[in-house]
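*Asks:* with the input below, show me the fold.
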Amino acid sequence: MITLPPFRRPFTHGPAPCLTARLRRSSAPKPVGAVFASFPDWAHEHPLTRDNPALSELISRTAIFIYGLAVTPHRRRQGIARALLTASEEKASSTGYRLATLIHGPELSPFYQRLGYTSADHVTIPMPHAALGVTQPPPFMTAVKALHPGVRIRTVPGAPGPVVTGLLPGWDIPATARFEDGELIA
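*Replies:* Predicted structure coming up:
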């Protein structure tokens with residue numbers, strides 16, 4: 001885990017895991033894969049967080065974004081990407097992160113779904129007084145995975161995609177919640 005001192009945006013700050021995979025049986029192991037994560041851009045750039053530094057910081061400490069996952073072409077389909085992603089999730093969870101997010105092309109949906117992610121064009125995160133929506137431009141998708149038992153990825157009637165509840169205490173919705181005309185009715 002790399003921890004950088006705080007810098008003014010657009011520089012990153014806080015915990016930023018960068019993990020590499022190397023083959024053990026090699027006498028001079030070179031990296032065959034890597035994963036990099038940090039806080040999600042929407043924690044600072046979404047209209048609900050842009051002018052609210054406390055909320056932005058709070059989300060930055062609870063949601064981690066996988067920015068890059070790569071394996072050299074001749075080492076793919078050997079479980080390296082799975083191992084890197086799992087190790088990143090475990091490190092994030094052990095340091096208090098409650099949600100993992102990433103962006104991917106639709107062809108990778110089955111891979112991420114096998115690892116416990118839910119993929120969609122749009123993901124909603126309810127907060128105490130509003131709902132934060134994360135939408136990717138086509139053809140990209142957002143994938144989310146709960147890293148804490150209090151976080152749930154739910155289907156809510158009328159919602160444009162999955163709804164992440166429990167990211168923080170009080171950020172939940174009742175079982176009767178629904179969406180009407182793009183608004184969350186709790």
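*Asks:* any idea whether the residue most central in space within the chain is helix, strand or coil?
*Replies:* Nearest residue to the geometric centre of the chain (C-alpha atoms, centre = their mean): residue 101, 1.3 Å. Classification of residue 101 using DSSP: H, G, I helix; E, B strand; the rest coil returns strand.
*Asks:* ok, now which ones touch it?
*Replies:* Applying C-beta atoms under 8 Å, 6 or more residues apart in numbering to residue 101 gives the contacts 40, 63, 64, 65, 66, 123, 134, 142, 143, 144, 145. Where C-beta positions appear, they are placed from N, C-alpha and C, glycine not excepted.
*Asks:* please redo it, this time with the cut-off set to 7 Å
*Replies:* Contacts for residue 101 were tallied using C-beta atoms under 7 Å, 6 or more residues apart in numbering; they are 40, 63, 65, 142, 143, 144.
*Asks:* and residue 123, by the same measure?
*Replies:* Taking C-beta under 7 Å, 6+ apart as the criterion, residue 123 is in contact with 134, 142, 144, 161, 162, 164.
*Asks:* which one of these sits in the busiest neighbourhood?
*Replies:* Within the contacts of residue 123, residue 144 tops the neighbour count with 26 neighbours, counted by other C-beta atoms under 10 Å.
*Asks:* next, give phi and psi for it.
*Replies:* With angles defined as degrees, to the nearest 10, residue 144 sits at phi -130, psi 150.
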